[in-house]
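1. for reference, the sequence and a predicted model appear below.
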Amino acid sequence: MSHSPRGRKVTFGLLVSVTLAALATSCGGPDNPLADKPYDATGQVALVGPREGEKADPSKPLEVRAKGGDRITDVTATDAAGRYLKGELAEDGSSWHSTAALAAGAHYTVRVSTEDEDGDQGRRTIGFDTRPMDRLLRVTFGPQSGTYGVGQPVTAELSQPLTDPAARAVVERALRVDSNPPVRGVWHWVDNRTLHYRPQEYWPAHATIDVSTNLNGIKIAGGVYGGPSKPVRLTTGDRVEAVTDASAHSMTVYKNGKEIRSIPVTTGKPGYDTRNGVKVILGQESFVRMRGTTIGIAEGSADSYDLPVYWATRVTWSGEYVHAAPWSEGSQGWDNVSHGCTGMSTENAKWFFDNVRVGDIVKVVNSAGATMTPFDNGFGDWNMAWDKWRQGSALASGKREGSAPGDAARLRPEL
């Protein structure tokens with residue numbers, strides 16, 4: 001039994017064929033170095049997709065067809081990043097087609113295994129490029145790489161809005177958050193361009209969190225494809241939580257579950273009540289000039305103020321701080337007299353400033369104020385129940401649109 005030399009052809013596009021060189025093989029004994037090698041299946045495989053010398057349209061499926069009596073036994077298609085293109089082989093081996101979208105602006109290598117009527121095995125490797133994307137969607141992760149408190153959510157900001165649930169699901173599947181030690185978390189669509197990620201509970205202390213995306217070149221919707229995005233690596237420090245009881249006029253600071261300091265404080269007076277709930281430290285400023293006019297208090301009125309403030313730790317974008325308030329030390333531990341901030345002595349404020357970091361937890365209880373909102377005034381993410389948080393995922397059953405936050409609050413101190 002022997003194979004006669006085959007004038008095999010490979011076809012691109014609408015089966016436009018190009019004659020390529022064929023490799024003749026023959027059966028033989030052990031002395032024949034080609035006896036166990038597969039034959040060149042060039043002429044027995046037709047690639048339907050890109051025309052010769054042209055780039056493939058990534059929005060169209062790829063198809064491989066068998067010719068001349070051969071049957072396809074296996075096909076693998078990978079891009080330069082090593083990602084496999086999913087596909088399906090016909091039961092009779094006559095064809096294979098992709099079942100997932102090709103990446104845009106990518107180079108693919110397609111390896112085809114065949115079998116002829118005599119049972120001999122053939123191989124064919126084909127390379128082609130896809131056209132670049134029409135529009136790029138990039139993801140910017142936050143915060144920047146660094147060390148944060150255990151309450152710090154991960155954020156993802158898209159370069160363009162997405163409203164289609166299917167497109168959102170494509171993006172969300174490609175966003176990776178890997179933590180060590182591992183914890184279970186979920187992305188929540190805050191609005192059409194913003195996602196937040198958090199575990200059910202706070203992050204573990206001294207964890208490493210790697211955030212990245214596998215979107216580059218992937219079709220998202222229409223002419224929109226994923227672009228490259230910069231990964232970030234976050235680490236967490238000790239678990240630091242400050243719990244303020246507004247009715248007891250006291251703050252208790254815990255480190256890894258152990259109380260390390262109790263501080264007399266004053267919080268918001270009636271009409272300026274401090275918000276209840278969990279807040280995440282947004283930043284720290286050793287000096288801030290606070291003016292009542294920034295929160296709508298008329299200059300010269302009974303509630304007006306214009307003061308230099310030291311050791312200020314911000315917990316909302318609208319201007320709620322934990323800070324030194326030497327003018328109210330007589331009320332600290334006894335009464336609530338501030339305009340919404342948590343005030344304490346200069347010594348205690350400096351200690352607090354030096355012992356917390358961005359991402360640490362500040363929780364207020366027993367205030368007459370409303371509860372901190374989840375998204376529109378800082379990171380109130382932990383005030384949303386876990387079941388509701390999960391519903392904000394595009395991958396959750398019964399997908400819904402992400403809720404849009406209110407208007408972004410101005411940066412203003414509340415004192």
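-> Nice, I can see it. Numbers count the residues shown, from 1 in each chain.
2. for the residue nearest to the spatial centre of the chain, which non-adjacent residue is spatially closest?
-> By CA atoms, centre = their mean, the mean C-alpha position of the chain lies nearest to Leu175, the distance being 4.2 Å. Spatial nearest neighbour of Leu175, chain neighbours left out: Thr213 (5.4 Å); criterion: CB to CB, 6 or more residues apart in numbering. In short, each C-beta sits where N, CA and C put it, glycine included.
3. one step back: just checking, the residue nearest to the centre of the chain touches Val154?
-> No - assessed by CB atoms under 8 Å, Leu175 is found out of contact with Val154, at 9.1 Å.
4. follow-up on the earlier one: so what's the residue nearest to Leu175 up against?
-> For Thr213, the contact set (CB atoms under 8 Å, 6 or more residues apart in numbering) comprises Val139, Phe141, Ala174, Leu175, Arg176, Gly226, Ser229, Pro231.
5. what does Leu137 give?
-> Taking CB under 8 Å, 6+ apart, we find Leu137 in contact with Leu158, Ser159, Gln160, Leu162, Val171, Leu215, Ile220, Val224, Tyr225, Gly226, Gly227.
6. what's the offset of stretch 79-94 from the middle of its chain?
-> 28 Å (CA atoms, centre = their mean, to the nearest Å).
7. now that stretch: buried residues?
-> Asp79, Arg83, Leu85, Gly87, Leu89, Gly93 (16 or more other CB atoms under 10 Å).
8. return the subset of the residues you listed lying in strands.
-> Assignment to strands by DSSP state E places the following of the buried residues of stretch 79-94 there: Asp79, Gly87, Leu89.
9. now the residues you listed in JSON lines, with distance to Glu299 and pLDDT?
-> Below are these laid out as JSON lines (distance: CB to CB, whole Å; pLDDT from 0 to 100):
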{"residue": "Asp79", "distance to Glu299": "63", "pLDDT": "90"}
{"residue": "Gly87", "distance to Glu299": "71", "pLDDT": "93"}
{"residue": "Leu89", "distance to Glu299": "77", "pLDDT": "92"}
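10. which one of the residues you listed is nearest Asn348?
-> Within these, proximity to Asn348 (CB to CB) peaks at Asp79, which comes in at 57.5 Å.
11. please name the spatially closest residue to the closest one (chain neighbours excluded).
-> Nearest to Asp79 is Ala106, by CB to CB, 6+ apart, at 4.4 Å.
12. what's the local residue count around that neighbour?
-> For Ala106, the count of nearby residues is 25 (other CB atoms under 10 Å).
13. show me what contacts it?
-> By CB under 8 Å, 6+ apart, Ala106 lies in contact with Pro58, Asp79, Ala80, Ala81, Asp129, Thr130, Gly217.
14. if you set the cut-off to 7 Å instead, what comes out?
-> Going by CB atoms under 7 Å, 6 or more residues apart in numbering, Ala106 touches Asp79, Ala80, Thr130, Gly217.
15. roughly how far apart are it and Val177?
-> Taking CB to CB, to the nearest Å as the measure, Ala106 falls 25 Å from Val177.
16. do the same with Leu102
-> Going from Leu102 to Val177 by CB to CB gives 26 Å.
17. so these two - more neighbours on which side?
-> A count of neighbours by other CB under 10 Å puts Leu102 above the other of Leu102 and Val177, at 24 against 19.
18. now do the same end-to-end measure for stretch 217-228.
-> End-to-end distance for stretch 217-228: 8 Å, by CA to CA, to the nearest Å.
19. let me redo that: stretch 372-388
-> Using CA to CA, the two ends of stretch 372-388 sit 16 Å apart.
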